[in-house]
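[1] Below: sequence and its predicted model.
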Amino acid sequence: MIIIDKQHELADFLESIEFEGFGVVKLDKVSFELSSSVIDEVTIIHSEVLRELDAASVARLSELTLLIVFQKDSNEQINLIDNIVDIINPKTSKKLFENKIALLSELIKERQVLKSQLITINNELTETMGNVEVELLKIKKIYEKKAPKRFNDLKGIQVFSKYSAGENIGGEFFDIFVEGNQAFVVMSSTSSYLASSMILKLFADFKADGVIGKQEVLNFIDDTKSNIIELNTTKKKEIEIHLFTGIVDFNKHSIEGNIFGDFKILSSQVKQNRRESVPLITGDLVKSSFAKDFQREERILLCSPGFLKNWKKLNPEFMMEELMMDKKIKPIDVLDEAFFQLKKDATGPFLSYDASAIFMEVNKNAMVEV
């Protein structure tokens, strides 16, 4: 127990009640200001010392687990701080004082045990999360090997895609579901593995239903939004979420949908206007919507937020549009060159961020519905 005394008045009180239950360390105002605070100790301070302390010393005092004030004059005004748990005076009985000190000491011991347990749990959790992250990076690497794929000619539109794993927490997901004369394209980027898994499940459910329509896509967006909101209730920091959805019409050779976050659509023929980034949670469906008609021999590249972040860190000698406009370069070679540029200066096996891209090329003889 620590006492911060003035003119031995607090020490005299302890002697008067013959208090012997705990070891007592005596400090005065000067020695307290020079000492390092002992947080987990029962501390009793003389009210006059408390009143004389400067702001810095009061701030140090407020860091203690608990504080008892000894008040010689019951009419004296005390500057209360949050950790003051009791006020005693020379008339406080020995029995009452000893009971208070014993109870408070026991509470501090329990706090110390709990603190120790929390430190142990935190260390174990940190180690476990480190192992989990290593395993997740392995999964990302496996996905990277399997993800690069070429979709067959989808009624006049060839589709290629590529993915490369990054070291960032969370990840990117993309896929295309074809049904009849339409395809549903989805791409997501999140700062949470749990959110990515949730979107993957929602897409699997969408495919299981087997219907591609505007309302079904809006339902998919709403379900994603509500799930993210629910996940955020358990997070100190809100999940970062980017979502692209689009319906490709093979008869009309067009795509329309919604873009939430930082995706970019590049074209070999038409310069795309810069879009305002619309957040998923608070964004407007109208502002997020887009529509585009494909031209014959046009090449389209959908770049994920992670792709753009990695590309921004580079200083490439060419623009992506230059590669896309060169008809001598095959579509898959365009993707390979883009990802080669992303990886060429990487210091490890992973990029800084997950990167995904979907490349579409319209055949020159494609039949378009009018």
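    Arrived safely, thanks for sending.
[2] how about stretch 261-280: buried residues?
    With burial defined by 16 or more other C-beta atoms under 10 Å, the residues of stretch 261-280 counted as buried are 261, 262, 263, 264, 265, 266, 267, 268, 278, 280. Just so you know, the C-beta spots here come from the backbone N, C-alpha and C atoms, and that holds for glycine as well.
[3] A helix includes residue 77, no?
    No: counting by DSSP: H, G, I helix; E, B strand; the rest coil, residue 77 is located in no helix; its state is coil.
[4] In a strand, residue 361, correct?
    Yes: judged by three-state DSSP, residue 361 forms part of a strand.
[5] these two touch, right, it and residue 331?
    Yes: counting by C-beta atoms under 8 Å, residue 361 does reach residue 331; the two are 5.1 Å apart.
[6] which neighbours do these two share?
    Common contact partners of residue 361 and residue 331 (C-beta atoms under 8 Å, 6 or more residues apart in numbering): 158, 160, 299.
[7] Could you check the pLDDT of the first one?
    According to the per-residue confidence, residue 158 scores 87 in pLDDT.
[8] residues making contact with stretch 248-259?
    154-157, 181-185, 217, 221, 243-247, 275, 278, 285, 288-294, 360, 362, 366, 368-369.
[9] mind showing which ranges of the stretch 1-150 of the chain have poor pLDDT?
    21-23, 29-40, 121-150 (pLDDT under 70).
[10] again with the stretch 201-350 of the chain
    In the stretch 201-350 of the chain (pLDDT under 70), the answer is 272-273, 315-318.
[11] Recalculate using a threshold of 90.
    233-237, 250-253, 267-276, 283-284, 294-298, 310-350 (pLDDT under 90).
[12] care to break the chain down by domain?
    2-114, 147-362 (automatic domain parsing).
[13] deepest of these, which one?
    Of all the domains of the chain, domain 147-362 has the most neighbours on average by mean count of other C-beta atoms under 10 Å, namely a mean of 17.
[14] Return the distance of that one from the chain's centre.
    Averaging C-alpha positions (C-alpha atoms, centre = their mean, to the nearest Å) puts domain 147-362 21 Å from its chain's average.
[15] Likewise for stretch 95-115?
    Centre-to-centre, stretch 95-115 and its host chain are 39 Å apart (C-alpha atoms, centre = their mean).
[16] cool, and stretch 64-78?
    Counting by C-alpha atoms, centre = their mean, stretch 64-78 comes out at 44 Å from the chain centroid.
[17] Between the two ends of it, how far is it?
    This stretch, stretch 64-78, spans 18 Å end to end (C-alpha to C-alpha, to the nearest Å).
[18] tell me the helices in the stretch 201-350 of the chain, going along the chain?
    For the stretch 201-350 of the chain, the helices defined by DSSP state H, counting those that start in this stretch occupy 214-232, 285-288, 305-312, 320-325, 331-343.
[19] which residues make contact with the second one from outside it?
    It refers to helix 285-288. By C-beta under 8 Å, 6+ apart, helix 285-288 touches 218, 221, 258, 259, 260, 276, 278.
[20] one more time with 7 Å, if that's ok
    Here helix 285-288 makes contact (C-beta atoms under 7 Å, 6 or more residues apart in numbering) with 258, 259, 260, 276, 278.
[21] would you list those residues in JSON lines and tack on distance to residue 205?
    Shown next, in JSON lines, are these (distance: C-beta to C-beta, whole Å):
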{"residue": "258", "distance to residue 205": "18"}
{"residue": "259", "distance to residue 205": "22"}
{"residue": "260", "distance to residue 205": "19"}
{"residue": "276", "distance to residue 205": "30"}
{"residue": "278", "distance to residue 205": "24"}
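[22] ok, of these, which one's closest to residue 340?
    residue 259 (26.8 Å; C-beta to C-beta).
[23] who's that closest one bridged to?
    Note on residue 259: beta-bridge partners residue 244, judged by DSSP bridges.
[24] End to end on stretch 347-360, go ahead and measure it.
    31 Å.
[25] List of residues touching it?
    Under the contact criterion C-beta under 7 Å, 6+ apart, stretch 347-360 has outside partners 137, 141, 157, 159-168, 171-172, 174, 185, 187, 189, 300-304, 306-307, 309-310, 313, 331, 334-335, 338, 342-343.
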